[in-house]
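[1] pasting the sequence and the predicted model now:
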Amino acid sequence: MAEELQSLLEKIQSDGVDKANMKAESILKNAEKAAERKLAEAEKQCAELREKAETDAEVFRQRSEQAVKQAARDVVLGVGQAVLQTMERVLLKDVSDNLKGDFLQDFLGSAVKAFAESPDAAGGMEVLVAPDQAKALAEYARAKLAGAVNGGLKITADSDVKSGIRVMLADGRVEHDFTDKAIMVAMSRILRPALTKLIFPQPQK
């Protein structure tokens with residue numbers, strides 16, 4: 001009887017140990033699988049984060065490069081426009097400085113004689129000049145251009161004229177502008193394309 005009881009106890013103990021071992025193995029396997037899943041998920045997240053970081057870095061690089069190129073273009077355009085504006089200011093000053101004295105008197109004489117035969121001059125001719133030049137030009141006209149225009153020649157001071165002359169015909173309906181600004185604009189229109197090519201050269205293809 002004692003032997004049977006001992007055998008039963010040993011069997012119960014053995015079965016308990018086996019079950020405990022099986023349970024432990026099962027828990028260990030589940031833990032390993034869970035760890036593998038977590039590791040795989042972590043590696044996947046790391047890969048995704050790395051790829052996103054690389055993509056963001058490339059986008060940032062491209063945007064930065066584009067911003068630098070745009071800034072460079074803006075600087076070139078700004079400098080180019082400043083050069084063109086400086087050219088026009090210098091040109092205006094040069095024209096204005098030369099439209100005075102004997103040169104302006106000769107210019108007035110040439111203009112009056114050129115337009116005197118025009119049908120528009122039948123009613124006379126009025127020449128608008130800068131106020132500070134009106135007296136000398138009027139005296140020159142009386143001395144040198146008397147009778148040059150059948151309808152008469154009138155020299156008028158006009159504050160809008162800084163230098164040069166503005167010829168009015170047909171009772172003011174026809175105007176020919178030879179002021180410093182008009183001459184500068186005409187010269188600039190001729191010079192600007194060539195200067196623009198020098199400042200903003202076209203890229204080589």
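    Yep, it's here. Numbers count the residues shown, from 1 in each chain.
[2] my guess is residue 134 contacts residue 157, does it?
    Yes - counting by C-beta atoms under 8 Å, residue 157 is a contact partner of residue 134 at 3.8 Å. (Glycine included, C-beta is placed from N, CA and C.)
[3] same for the helix or strand bottoming out on mean pLDDT in the chain, what does it pack against?
    Lowest by mean pLDDT, DSSP states H and E among the helices and strands of the chain is helix 2-98, with a mean of 75. When contacts are defined as 3 or more C-beta pairs under 8 Å, 6 or more residues apart in numbering; DSSP states H and E, helix 2-98 sits against helix 180-199.
[4] convert the helix it packs on to CSV, retaining C-alpha atoms only.
    Written as CSV, here are the backbone C-alpha positions of helix 180-199 (Å, rounded to 0.1, in the frame of the first residue of the first chain):
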residue,chain,number,x,y,z
ASP,A,180,16.2,116.7,-72.6
LYS,A,181,13.9,114.0,-71.3
ALA,A,182,12.5,113.2,-74.7
ILE,A,183,15.9,112.9,-76.3
MET,A,184,17.1,110.8,-73.3
VAL,A,185,14.2,108.4,-73.7
ALA,A,186,14.8,108.1,-77.5
MET,A,187,18.5,107.4,-76.9
SER,A,188,17.8,105.0,-74.1
ARG,A,189,15.4,103.1,-76.3
ILE,A,190,18.3,102.6,-78.7
LEU,A,191,21.0,101.8,-76.1
ARG,A,192,19.0,99.8,-73.6
PRO,A,193,18.7,96.5,-75.7
ALA,A,194,22.5,96.4,-76.2
LEU,A,195,23.2,97.2,-72.6
THR,A,196,20.6,94.7,-71.4
LYS,A,197,22.5,92.0,-73.4
LEU,A,198,25.7,92.9,-71.6
ILE,A,199,24.1,92.9,-68.1
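[5] who does the helix or strand that the least confident helix or strand of the chain is followed by touch, helix- and strand-wise?
    Going down the chain from helix 2-98, the next helix or strand is helix 101-116, by DSSP states H and E. Applying 3+ C-beta pairs under 8 Å, 6+ apart, one finds that helix 101-116 contacts strand 125-129, helix 131-144, strand 164-169, strand 174-179.
[6] I'd like the ones you listed laid out as a markdown table, including distance to residue 150, mean neighbour count and mean pLDDT.
    Rendered in a markdown table, the data for the helices and strands packed on helix 101-116 read as follows (distance: least, C-beta to C-beta, whole Å; neighbours: other C-beta atoms under 10 Å; pLDDT from 0 to 100):
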| stretch | distance to residue 150 | mean neighbour count | mean pLDDT |
| --- | --- | --- | --- |
| strand 125-129 | 9 | 24 | 94 |
| helix 131-144 | 15 | 15 | 92 |
| strand 164-169 | 12 | 22 | 93 |
| strand 174-179 | 16 | 17 | 91 |
